[in-house]
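> Following is a predicted model, sequence given first.
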Amino acid sequence: MRLLVVDVQKGITDERLYDFPGFINNTIKIIRTARKNNVEVIYMQHDDGPGTGFSVGDEGFEIADQVMPAEGEKIFVKDINSCFGNKEFADYLEESNEDTLMIVGLQTDFCIDATIKSAFERGYKVIVPKGTNSTFDNDYMDKETTYKYYNEMMWPKRFADCISVDDAVALLNG
């Protein structure tokens, strides 16, 4: 199993997110447990392009302090919603025989959804610990409804196993 930490970047990791305290605490717990058990932690950063404030060199682009990568952990950059849009990342995963990805990060309705579905289409078993992804209000749904729509209706029994943080920790602990 590998843990993929998606887009937990300074420009969007704050109190505007649905259940921000729960999200950040659960995500930290999953990352720490993965490291303790020598599960590879891989980071992805989204680049919206020059002039957006959310691009390489911008403060908002940097990984949030709460979840900083440890020395030697891989970091990839993408410019589309799915992490698999980064060919180097996709090739890196394919080079191993690992078929399970645990996915945490931001935003539920954009990069997390796209990455989960792309991973599923590529044959990966996808695990999503509840409370380890989040999002903002949008023009159609408030942030809580959006979170629940994906985590409770869209992904389970289709694209991912959505399990409790405690069950995810147990999986990581072997």
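Thanks, I have it.

> mind checking pLDDT for E98?
The per-residue pLDDT reported for E98 equals 89.

> now do Q107
According to the model's per-residue confidence, Q107 sits at a pLDDT of 98.

> Now do the same contact list for the closest residue to it other than its chain neighbours.
Beyond its immediate neighbours in the sequence, the residue positioned closest to Q107 (CB to CB, 6 or more residues apart in numbering) is T135, lying 4.2 Å away. (C-beta placed from N, C-alpha, C; glycine too.) With contacts defined as CB atoms under 8 Å, 6 or more residues apart in numbering, T135 is in contact with L17, Y18, L106, Q107, T108, D109, F110, K143, T146, Y147.

> What of E73?
By CB under 8 Å, 6+ apart, the residues touching E73 are E40, V41, I42, Y43.

> got a list of what S82 touches?
By CB under 8 Å, 6+ apart, S82 lies in contact with C111, A114, T115, K117, S118.

> Between which two of the residues you listed is the distance greatest?
Pairwise distances across these peak at 11.0 Å for C111 and K117 (criterion: CB to CB).

> who has more neighbours, these two?
It is C111, of C111 and K117, that has more neighbours when counted by other CB atoms under 10 Å, with 24 against 19.

> isn't the more buried one right up against V6?
Yes - between C111 and V6 there is a contact at 5.4 Å, judged by CB atoms under 8 Å.

> Considering the contacts of T135, which possesses the most neighbours?
T108 (26 neighbours).

> about what we covered before: R16 versus the residue nearest to Q107, what's the distance?
In this view, T135 and R16 are 10 Å apart by CB to CB, to the nearest Å.

> Quick check: which element contains I28?
Assigned by DSSP states H and E, I28 belongs to helix 20-36.
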